[in-house]
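Student: no sequence on this one, just coordinates:
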Ligand code: PEP
Ligand code: MG
């Protein structure tokens, strides 16, 4: 048998699965199998779709007798005596598509099939409702005309509008049986005129036409586009389900509705949903009538008048409620059910795992473990790590009004309101006086760090998801909207233009980092709550994961936040971020502008105590956990002023002439700062810089070991290494600094020296680099840009198009390019470990907080992932899922 009947006590293909039956067909078989009252029907499985195309778009002849047998099954199972095409007691069916995965709205459906000029009279007589019969016929002719015969649906809609105009009414429901009968005649006329042949009156021909049309819709243009966007192979094909129609619009004992077995927004147990008396599913979806509450309690709470289902149809409601438990025990998840009641008889049309908010997902997962429905493992797998983002930041009150003035990219999650400030200095000043500010810039640079920290949120006109603003804002947990193309900043007038709206500096705006919207004025926010179910699920996740989760952080505040989120150490402390504070930047600039080594050393000596205090604070907070400190990485020009107006001030502060400053600035300026004089190249050319930083690290470590009695675990990391010799030289500088400090203090602390792997050459030569390195940390931001040859900073100009055209499946700076960059990571891990068994491996690029990339890291057996503090919980859950 090609087809698979179900319903009426039959579930012929139960267990054959979605690949064969399509999602809908498999679901119906499963429901029938557990005894749910599904309307009977049969499934034509997915392989027939290919046969249909192979036969030039016609139904394979062997299928025709099977379809007839399927109809026979339905006639028997409905047990009402209805027969397909019977003028006295007609059976009506629906014909629907159903691929392996849901493709909502992409393919075609035909309802009420089996109606013709004769059966409509039988339906009218049997149901005692002529209006219902003619309305069903009217809907069927329109749908069949549109889907199967390809007639423009506007023609039918116009005819409906004329009919209402003629009668002087505005609602479809105001047309009576006679009006609808006349309308059917008009519709049949449209069909005959448009296709040059009458509407098919033979019900079997109707059915064959509809099945062929559903198969045909698999290759429709919109389905094609959807498949491409969602990576769905064309050869999967769709199944077709033919099923008895049930009607929720056959009087006051009929109804249709949707129910959830738990509240999808809070996760609370209890029956939740809505229904409409005497209505069809489309009426609910189309929003023509407002649905009523399912339960009396919900109705009373809302103060609504119209009877709840519990009150209007108490017997059927009790039956439905009994099914909830059956469904949850069977599916072991919250279900979203579509049901119809036809003259007092309940039918379940569909059930699936219900969509839910992050809060509900956590509660349902934890409650179901407690109820014994699922185990911890399943609970961990049930919650989408990316959804946790919703929980970790304040979000906008969904009920609040929004006056959106511009849109950009959702670069960093969370929501914040504040006064517009146009530069970093103003941000710091106004924030210091207790004002909430939003930093608005064309784009940000490392110079803006202090202002970004002072601001509640950041908005930029340029830059993508991995622009400086985006990365730094995510690291700090500040909401950020970047690349808002319609935003223009006038620094002279000190005002901002958002498309048509102009606002002066100081005007209040609100950012929604979750969707990239910018609103005028203040919009109320809701604070996150990280206790209860959230904390419980995190602990379960910790017990199941094998990779450690560290954080990328360098300020004491961020380190403390990360620990409170469960970070198990620091995977990347970017020391350059410590150089931008107003008291230090002067010494940094003196160091850069010094004419010789002695001058540099004098400036570095002033920085040493400050760096030492930074590390002391971090080691103290991390109390014995490993801390990877990366030595200076960015090119030096980033520390020099870029604006003419600042040259005089800086020259003054550092004691050199403006001309010297400008000359040095011009010398240092790089067109592509990402691959120039940076990383360990700075350490190689100016070893005294790394020497100072290493000394600061060891002095701090010794001090903390003496004070706190826990030995800190410094891991000194050298950036941008490409050859072993670079690391050999830098390791000698670091080890010498360590020995000097240990000798001076008489205290030794354990430490490691390692390197970032962020250049392809380093990945390939990992074997020899591991001779010197005690750990590798994959800097996948730089490794991505150097492997792909795409600059991190301006990729957003074309990456969107690249993703749309399928050149990259995802933004490679967000989700690791496993085939390319991932291959290098794999090679480096293998070669590194072969040379040094037990070599510690971690990842500290932005990918360290991305669930898909974390899953890849698990396959390589990395020891840890490191991500920004606000992503630590996401990484903990993703790492647990990867390990399961
Ligand atoms: C990296 O390149 O992946 C990295 C973590 O370093 P940064 O982002 O500071 O260049
Ligand atoms: Mg890097």
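Tutor: It's in. Bear in mind that the values here come from a model prediction, so they are computed numbers and not experimental data. Ligands and ions are numbered 1, 2, ... in the order given.

Student: Dead centre of this protein: give me the residue that sits there.
Tutor: By C-alpha atoms, centre = their mean, the chain has its centre lying nearest to residue 386, at 5.8 Å.

Student: and the closest residue to it other than its chain neighbours, what pLDDT?
Tutor: Of all residues not flanking residue 386 in the chain, residue 851 sits nearest, at 6.2 Å (C-beta to C-beta, 6 or more residues apart in numbering). Backbone N, C-alpha and C define where each C-beta goes, glycine included. Note for residue 851: predicted pLDDT of 96.

Student: tally of neighbours for residue 851?
Tutor: When neighbours are counted by other C-beta atoms under 10 Å, residue 851 registers 19.

Student: Okay, it and residue 226: tell me how far apart.
Tutor: To residue 226, residue 851 is 24 Å away according to C-beta to C-beta, to the nearest Å.

Student: and the residue nearest to residue 386, what does it touch?
Tutor: Taking C-beta atoms under 8 Å, 6 or more residues apart in numbering, we find residue 851 in contact with 385, 386, 874, 877, 878, 881.

Student: Show me those that map onto helices.
Tutor: Those of the contacts of residue 851 mapping onto helices are 874, 877, 878, 881, per DSSP state H.

Student: for these, which one is nearest residue 20?
Tutor: Nearest to residue 20 among these, counting by C-beta to C-beta, is residue 881 at 28.2 Å.

Student: Give me the pLDDT value at the closest one.
Tutor: Per-residue pLDDT puts residue 881 at 98.

Student: Then residue 284?
Tutor: Per-residue pLDDT puts residue 284 at 60.

Student: And for residue 287?
Tutor: The confidence metric pLDDT takes the value 52 at residue 287.

Student: ok, now residue 538?
Tutor: pLDDT, residue 538: 96.

Student: a helix runs through it, doesn't it?
Tutor: Yes. Counting by DSSP: H, G, I helix; E, B strand; the rest coil, residue 538 is found in a helix.

Student: Could you measure from it over to residue 477?
Tutor: Distance, residue 538 to residue 477, using C-beta to C-beta: 17 Å.

Student: ditto for residue 545
Tutor: Look at residue 545 and residue 477: by C-beta to C-beta, they are 23 Å apart.

Student: Residue 732 now?
Tutor: Distance from residue 732 to residue 477, counting by C-beta to C-beta: 38 Å.

Student: okay, the two: which has more neighbours?
Tutor: Taking other C-beta under 10 Å, residue 732 and residue 477 do not tie; residue 477 has more neighbours (20 against 13).

Student: For the more buried one, give me its contacts.
Tutor: Shown in contact with residue 477 (C-beta under 8 Å, 6+ apart): 392, 393, 412, 414, 558, 561, 868, 869, 870.

Student: can you do 6 Å?
Tutor: Taking C-beta atoms under 6 Å, 6 or more residues apart in numbering as the criterion, residue 477 is in contact with residue 870.

Student: Quick check: phi and psi on it?
Tutor: When read as degrees, to the nearest 10, the backbone of residue 477 gives phi 70, psi 20.
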